[in-house]
Each structure stands twice: as C-alpha cells, then as structure tokens.
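Participant: Okay, here's the prediction I keep looking at, along with the sequence it came from:
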Amino acid sequence: MNKMFEIKDLSVKYSSKKKVFGNKGKYVNAVEGVSFDFIKGEVLGIVGESGSGKSTVSRTLLSIIKQIDKSSIVCGSVLYNGGGKSIDLLKAKGKELKQIRKKIQGVFQDPDSSMNQRLTAGKIIEEPLLNLTNLNKNEREEKIKDVLKKCGLSEDDINKYPNEFSAGQKQRICIARAIVVEPEILIADEPLSSLDISIQAQILNLFVDLKEKYNLSIIFITHDLNIVKVFCDRIIVMQNGKIVEQGITSEVLANPKDEYTKTLFTSNVTL
Amino acid sequence: MKKILQILNLKTYFFTADEKSNKEIVLKAVDDVSLDVYEDEILGIVGESGSGKTVTAQSIMQLIPEPSGKIVSGEIFYKGEDILKRHGEELRKIRGKEIAYIFQETYSSLNPVLTIEEQICEVITTHLDKSYEEAAEISAGLLESMGIKDAADRIKDYPHQFSGGMRQRIALAMALAAKPALLIADEPTTMLDVTIQKQILDLFLSIKKNKTLTSVIFITHNLGLVSKYCDRVAVMYAGKIQEISAVEELIKSPLHPYTKGLLYASAFVKDKDNKVYTIPGNTPSLKELPQGCKFCNRCTETTDNCFIDEPPLIEIKPNHFVRCHLYREDDIK
C-alpha cells in the first residue's frame, strides 16, 4: 500500500481572542491528536457534525490554515509522500510548498464565495496555472479548454462570468480549477451540500469520472452518509476534534462500534 | 377530514427588468397552485430551489416583498375565510396567532439585541391576554418543553449565546407561543446537523401528537425526511404542483417522471458503470421556462405533445394527482 499522507498526532488550536498588549490570547482546540493514513487511489470520507474538526483537518492538509487564522497553533506531523520524497507539510515553505500545492488541490462547499466574481471562468481556472506552472499562454488556454470539457462545460464558457452560470455549473468551474494542474490528491470539503438534489448526483458522477481520468486520490468531507455509502472506500468519523471510529465504509456502516457513530447513523434518514 | 387551509389558483409573480433590453419580465414563481391542508396532518412540500415552495408559503402569510413581487390572483381560505383579503391590523391577528412560520435561517429570524425572553413574551403579550410576568413564566415552560436545559436561567440570554440547533428550538418555541393551529416550517433543519435535525423533527411529531398544533406545512428538499415525517406530500417544479398524494403512495408508486427522478437521485442508486442516477439538465431558471410541460426539456419520457401543451393536474388514483401527459383521465382508478 502506498501511503499518500501519514498524519500523526495532529492538533490544531485556533486563537479565539486577539492578543492585546502582550495579553496571552485564548485558544480553542479544533483538532486534538488525530492520526490516520491516506492511501493512494482511495476515496476517504470524513464525516461528523459541525464543529467536529473535519474542515480543520482539510485546511491543514491544504496548507491554508495559517491563511485562515494567522495565530493558530498546529502540532504533530503530516507526512506527504510524493515524487519519491517524504515532506512534512507543516514545515514546508516557499518553493517546496508551491510544489506541494500543485499536487494537493481543494474544492469547497460554496462555489460563490470561493471564486472571484469579477473574473471570467477562464481566468479563474487559469490562476493556478499561472501560479504553479510555467506554461505559456497558448498552452494554458489549451489546458483550460480541455478541463472545461472534462468537467461537463463547453469551450465557449471560457469568457463567461460566474453569475452567468447555475449553482451546479459554478461548482464544476471550481472543480475544473482544482484539477487543471493535475493534482494527485483532491480534498473536497462538503462540495455537494449547497446544491440541489438532482444536481448533487451529477456532480458526484463528475468526481467518479475525474477520479478515473486523472488517477486521483480523494478526501471527501461530508455529513451525508448516503453519499459516503456509494462513494467512499474508507470512512473516518470525527467528534469534538477527535477521531472516534475509522475503517472500511461497508464494515463501519454495518457494524458501528462507537456510541456517537451509532447515533449519527440512526439519525440519518434514507428513503 | 376537515380542511384547515385551502389555497385556490394562487398566482404569485415577481416583476423585474431584463438586464440587456430593459424590458419587463414576469417571473411566475407560483403559477396557479391549488392546495388543501387538512386538520391533523403534516403536509410536505418538496422541490428544488426556484420551484416556488417558499413563495407559496410566504404568500399564505402575505410576506411577499412588494412591489417587486405580488400575489396576482387566487384565494387562500383559512377556516373558511379568505385571508388574502385581510390587511394591516386584521392580518396581524392571523400571523403568529393562527398561523405561525419558522424560517430556515435562525440568525435572521431572531433579533440579536433582545433576550430570548423578550422575544417570546412579545408574541404572547401581543396575541394573548397576559401580563409580561405571566408571559415570562409561559415562555420558560415552553423552552423547557423544547428540551432546553435550565430554561429559567437561559431565557435571559441573547440569541448568539445558543447553538444553531438551540436557536431553532427557540424559534419553534416562539412560533408555538400564541398557540397557533397551523405551523409553516420552511426548511427548518436544512442548516443543522443530522443528529440535531432528528431531535428537532421528533419534537415536531411530539408537539403534533399532544395536539398543541393541528397541522404543519413542512417545506423541504429532502425526500428522506418527507417519507419519515409527513402524511401527504406535494411535489413542486417551476412554480407548479406536479404531483400530490399520500407519502407512502408517492414513495412506492411515483407517477410523474420528475418525482421518479428525484427519488432515484436522492437515493444515490449506482448503475453498472459505478455512476449514480441523475436527472439530466439543470434546475430551470424562471426566465426561460419551456412551453408545454415545464419539465419537458429534462424529461426522458416525452411525447410530442409535451412540448406544446401544458398538462392539467388530474386525479389518477383516489387522492393521487399528477400533472403529466403520460396519464389520462380515462385510465383513472
């Protein structure tokens, strides 16, 4: 088994109060002592209620935690095994971090707030290419057109602005932006929850499609167990910043051990 | 069964201008909706965004923002009286007292600068003949029954001191404070976690069981919740009711292709290519609805007629209505 991530004892504290004149700030534990491995080619589902720390884990893996809270404290180690090397994500800086960003990309819940409304779809998708690759203008345009088609949009959409798209199409643009640099890992943080039911299934199929085309490994954060059931190979259940249960999806679903997992499963309504 | 609410041919339109040509466009958010709510039932209204379910509910309470939106025609009878004819002070006697409304967003439905007590008491003192002290006592009791611990102390707190699930309980307590007969719950649990969602909806059931409320209109896009909590369900698409029947019937033998699609899509059924079932196309914009059946451009079972004529809503089986050309009145029963 090829481990893409080896996460050991990860703890994240957010600062809840600003430091004023040397007063020590207060901290909130968002994630406490989380350890897990992420294996190449798998879809790993992370489930849990709001505040359980699942998004914090995804932000750490995307190395954007310091951008969200400058004075947050991150401890532990997140080993990323890529390109024949092991790198601790938490220590990566500068050029090395840029290399990593090209390999690990993210898709978020709300497509509206994760893209600049004043840029065209083409420009939005071009941004990671500009920042992370050395492609020239023609090569970039080619890539953008290609990725648009792969994401179920058309080449003509390249000059349209976000407000000209439906919610499902906007999420497609965000997904296109994430995979245009051909990452190894895609971290999707509740990518379906802002969408209508008939559109959710379409986007889920897009993930299945792209996983195959780009040979992706996917971390899929969600609170919808029905989606986990059909899409995720393994599942991690989080509560209050800790992992309470993890394992093969079908096994955990059939035989949950932890009390919280049981409550979560019985609260889930299916048709 | 007695009808508590009867909506007849309701049309609620929104008026806006086209960005480019500056011509006026009419958006038919609710187009000729007729719907009955019976005593002692939970009626689900299901639909995707833009289907008109919220506008229908807001029309009942006359909460449509004018002048951009307007109830163009139709009648809404509550206990036999057309409440659309009520305005001002007369209308306020219905709002909150007879029909209560809970919104999806608890942040915006509670006033952040007033304590919970002040907000619930306002409802009670306005509608019932009670002093503030009596109202405060009732409020605390209500909160307690909603499962908020130490209600007598916590009632002095402000909305931001409660979690999302707690705030929805408070909103529910506030909605029930004046003992309304009909409660309209507009996606009350969409923002909440599944565990909290279950608690809140179970609370609904228990409230209905002990007869505090007569009927509930439950608006949602989650068919799973509908199957578990509702008695009857209306499926809306593009401002119109497409199908309406008892819940078990609709889940077991859906008739409209859209209902079938929704059921498959929300069950995430996988086919042999490892793909889940989807309804083709996008949720429609009210600006560009097709002629004929509003679902025709996403439907997989169309006939030529679907693109020309809009089918009427007809009763195919007893109490099972559908708006689709696949079914004719001749095949009835």
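Facilitator: Cool, got the structure.

Participant: Every contact and neighbour count from this point should use C-alpha atoms.
Facilitator: Noted.

Participant: Show the end-to-end separation of stretch A:98-116, please.
Facilitator: Start and end residues of stretch A:98-116 are separated by 21 Å (C-alpha to C-alpha, to the nearest Å).

Participant: Tell me who's in contact with the spatially closest residue to A:Ser217 that is not a sequence neighbour.
Facilitator: Distance criterion C-alpha to C-alpha, 6 or more residues apart in numbering or on different chains; nearest residue to A:Ser217, sequence neighbours excluded, is A:Gly41 at 4.4 Å. Residues in contact with A:Gly41 (C-alpha atoms under 8 Å, 6 or more residues apart in numbering or on different chains) are A:215-218.

Participant: Check the secondary structure at residue 156 for me.
Facilitator: Picked chain A for this. Following DSSP: H, G, I helix; E, B strand; the rest coil, the label given to A:Asp156 is helix.

Participant: helices and strands around the longest helix along chain B, which ones?
Facilitator: Scanning chain B for the helix with the most residues, using DSSP state H, yields helix B:194-209. When contacts are defined as 3 or more C-alpha pairs under 8 Å, 6 or more residues apart in numbering or on different chains; DSSP states H and E, helix B:194-209 packs onto helix A:259-267, helix B:164-176.

Participant: can you list contacts of the first one?
Facilitator: When you say that, I think you mean helix A:259-267. The contact list for helix A:259-267 (C-alpha under 8 Å, 6+ apart) reads A:225, A:237, A:239, A:244-245, A:253, A:256, B:194-195, B:197-198.

Participant: same check, this time on stretch B:305-313
Facilitator: Here stretch B:305-313 makes contact (C-alpha under 8 Å, 6+ apart) with B:241-243, B:290-294, B:296, B:321-325.

Participant: Let's see it as PDB, backbone CA atoms only.
Facilitator: The C-alpha coordinates for stretch B:305-313 follow below in PDB (Å, rounded to 0.1, in the frame of the first residue of the first chain):
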ATOM      1  CA  ASN B 305     -47.500  16.800 -27.100                       C
ATOM      2  CA  CYS B 306     -45.300  17.500 -24.000                       C
ATOM      3  CA  PHE B 307     -43.600  20.400 -25.900                       C
ATOM      4  CA  ILE B 308     -46.800  22.000 -26.900                       C
ATOM      5  CA  ASP B 309     -49.400  21.700 -24.200                       C
ATOM      6  CA  GLU B 310     -49.100  22.000 -20.500                       C
ATOM      7  CA  PRO B 311     -50.900  19.000 -19.000                       C
ATOM      8  CA  PRO B 312     -53.500  19.700 -16.300                       C
ATOM      9  CA  LEU B 313     -53.300  18.300 -12.700                       C
END
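
Participant: buried residues in that stretch?
Facilitator: For stretch B:305-313, burial by neighbour count (16 or more other C-alpha atoms under 10 Å in any protein chain shown) applies to B:306-307, B:310-311, B:313.

Participant: which among these gets closest to B:Glu19?
Facilitator: B:Phe307 (27.7 Å; C-alpha to C-alpha).

Participant: What does the closest one show for phi and psi?
Facilitator: phi -80, psi -10 (degrees, to the nearest 10).

Participant: what's the spacing between it and chain A?
Facilitator: 22 Å (C-alpha to the nearest C-alpha, to the nearest Å).

Participant: Neighbours of the closest residue to B:Leu225 other than its chain neighbours, how many?
Facilitator: Of all residues not flanking B:Leu225 in the chain, A:Val269 sits nearest, at 6.4 Å (C-alpha to C-alpha, 6+ apart). Using other C-alpha atoms under 10 Å in any protein chain shown as the criterion, A:Val269 is surrounded by 18 other residues.

Participant: Tell me if I'm right that A:Gly247 and A:Leu253 touch.
Facilitator: No: between A:Gly247 and A:Leu253 there is no contact, the gap being 9.4 Å when judged by C-alpha atoms under 8 Å.
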